[in-house]
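>>> Just need the structure, nothing else, for what follows:
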Amino acid sequence: MKKHTITLIIVLSLISVTTMAQRRNKQTQDTLNVYREFAQLGQWYLRVPMEINLHFIRSSSPASLSGIQDSTETDLTLYYGKNDFYMKVEGLEQIANDSVVVMVNNDAKMIKLYPNTGQLMNNLQRSVSMLLPDSSVQKLAGQYSATTETSEKNIRRITLQSREKISGTELYKETISITYKAGTYEPISFEQSRRILLPVDSAVYQTSLSKNAAYAGRLISAKANAGNLYFVVRDQTTVCRFTRIDYDSKMPPGREQDRVIREASGNYQPAKGFEAYMVSKEF
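Prediction:
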């Protein structure tokens, strides 16, 4: 349940952010309109029903101190209509209608049902606010510098880079980049890179990292009461690619009745094909 909730929030946030630019100039830098356009949702997201396939890539660099490159990839399917919602990531499914939320763990062969309190749709509606207040736009402009560009194929990109650097380095704390179709404003990809400080052992810092070209400009030492402290700056990057956006899907890939059957008594039993699943009603 917790993993699904976090994934849902990430998806809704990405949908909001990846539809936020409508400027047609060939190249624009650091004007307030760029931030207003970044904060404005595109009309493509308001069309229902819609089915979206997403491919997430999460990575960290430089490689971990053990020499292992950290990288994971995940495919996600999201569908929403006027009264239906469906999401699938790895072996987990979330199905919602007006009355219930059905959580399916296909690996564990478990189905849990919860009352639909409207939280899913509330999250969805909050993510579709048409324009942030000017004060929020001003704050955005104060935190990031912005650039936009358009390719010959009418593909646009807007990039925000934090104005704040990590103390002791020339590295900016965060970069957000969005690529989308200028004609329809449909997103193609979203990329967010954040830089964090990781403490390291003094021996590793002096004998290994300081001699590794991959860590040039990424090492920090600071004096403290207990002695010197050592840190390395590491990039954590999330890339989301919109591999499919379909407005013609009239039904979600899965519905309540496809997973469970409600009996006259109010109890639920697994639907055909899911007989081996354990069903529990959490209300």
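
>>> Flag the shaky bits of the chain, pLDDT-wise.
Counting by pLDDT under 70, the chain has low-confidence residues at 1-46, 64-69, 119-137.

>>> State which strand of it is the longest.
The longest strand of the chain (DSSP state E) is strand 227-246.

>>> Let me know the next secondary structure element after that strand.
The helix or strand immediately downstream of strand 227-246 is helix 256-259, counting by DSSP states H and E.

>>> Do you have the strands of the stretch 151-283 of the chain handy? List them.
If DSSP state E, counting those that start in this stretch is used as the criterion, the strands of the stretch 151-283 of the chain fall at 155-162, 174-181, 187-199, 219-224, 227-246, 260-262, 268-270, 278-281.

>>> okay, those strands in TSV with mean neighbour count next?
C-beta coordinates here come from the backbone N, C-alpha and C atoms, glycine included. TSV is the format used below for the strands of the stretch 151-283 of the chain (neighbours: other CB atoms under 10 Å):
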stretch	mean neighbour count
strand 155-162	18
strand 174-181	19
strand 187-199	17
strand 219-224	12
strand 227-246	16
strand 260-262	17
strand 268-270	16
strand 278-281	14
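
>>> okay, those strands in CSV with distance to residue 144 next?
Compiled in CSV, these are given as follows (distance: least, CB to CB, whole Å):
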stretch, distance to residue 144
strand 155-162, 4
strand 174-181, 8
strand 187-199, 12
strand 219-224, 23
strand 227-246, 17
strand 260-262, 46
strand 268-270, 48
strand 278-281, 46
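
>>> Tell me which of these approaches residue 108 most closely.
For the strands of the stretch 151-283 of the chain, proximity to residue 108 was assessed by CB to CB; strand 278-281 is nearest, at 8.4 Å.

>>> Tell me which other helices or strands that closest one touches.
Secondary-structure packing of strand 278-281 (3 or more CB pairs under 8 Å, 6 or more residues apart in numbering; DSSP states H and E): strand 110-115, strand 268-270.

>>> What pairs with the last one, parallel or antiparallel?
I take that to be strand 268-270. Strand 268-270 has these partner strands in its sheet, going by DSSP bridges: strand 260-262 (antiparallel).

>>> just so I have it, where are all the helices in the stretch 51-200 of the chain?
Chain-ordered helices for the stretch 51-200 of the chain, with DSSP state H, counting those that start in this stretch as the definition, fall at 119-126, 134-143.

>>> picking that back up, minimum distance to residue 51: which of the strands of the stretch 151-283 of the chain has it?
Checking the strands of the stretch 151-283 of the chain against residue 51 by CB to CB gives strand 227-246 as the closest, at 4.5 Å.

>>> Which other helices and strands does that closest one contact?
The contact analysis (3+ CB pairs under 8 Å, 6+ apart) places strand 227-246 against strand 50-61, strand 187-199, helix 202-207, strand 219-224.

>>> who wins for proximity to residue 54 among the strands of the stretch 151-283 of the chain?
Put simply, out of these the one that sits nearest residue 54 is strand 227-246, at 5.7 Å, with distance taken as CB to CB.

>>> As CSV, could you dump the C-alpha coordinates of the closest one?
Once side chains and other backbone atoms are set aside, the C-alpha atoms of strand 227-246 remain, and they are given as CSV (Å, rounded to 0.1, in the frame of the first residue of the first chain):
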residue,chain,number,x,y,z
GLY,A,227,37.8,16.8,13.6
ASN,A,228,37.5,17.0,9.9
LEU,A,229,34.4,15.8,8.1
TYR,A,230,34.5,14.4,4.5
PHE,A,231,31.7,14.3,1.9
VAL,A,232,31.1,13.4,-1.7
VAL,A,233,28.5,14.9,-4.0
ARG,A,234,26.3,12.4,-5.7
ASP,A,235,23.7,12.8,-8.4
GLN,A,236,20.3,11.1,-8.1
THR,A,237,18.5,11.2,-11.4
THR,A,238,14.9,10.1,-12.3
VAL,A,239,14.0,9.9,-16.0
CYS,A,240,10.4,9.4,-17.0
ARG,A,241,9.6,8.6,-20.7
PHE,A,242,6.0,8.7,-21.9
THR,A,243,6.0,5.8,-24.3
ARG,A,244,2.3,5.9,-25.0
ILE,A,245,-0.6,8.3,-24.6
ASP,A,246,-3.9,6.9,-25.8
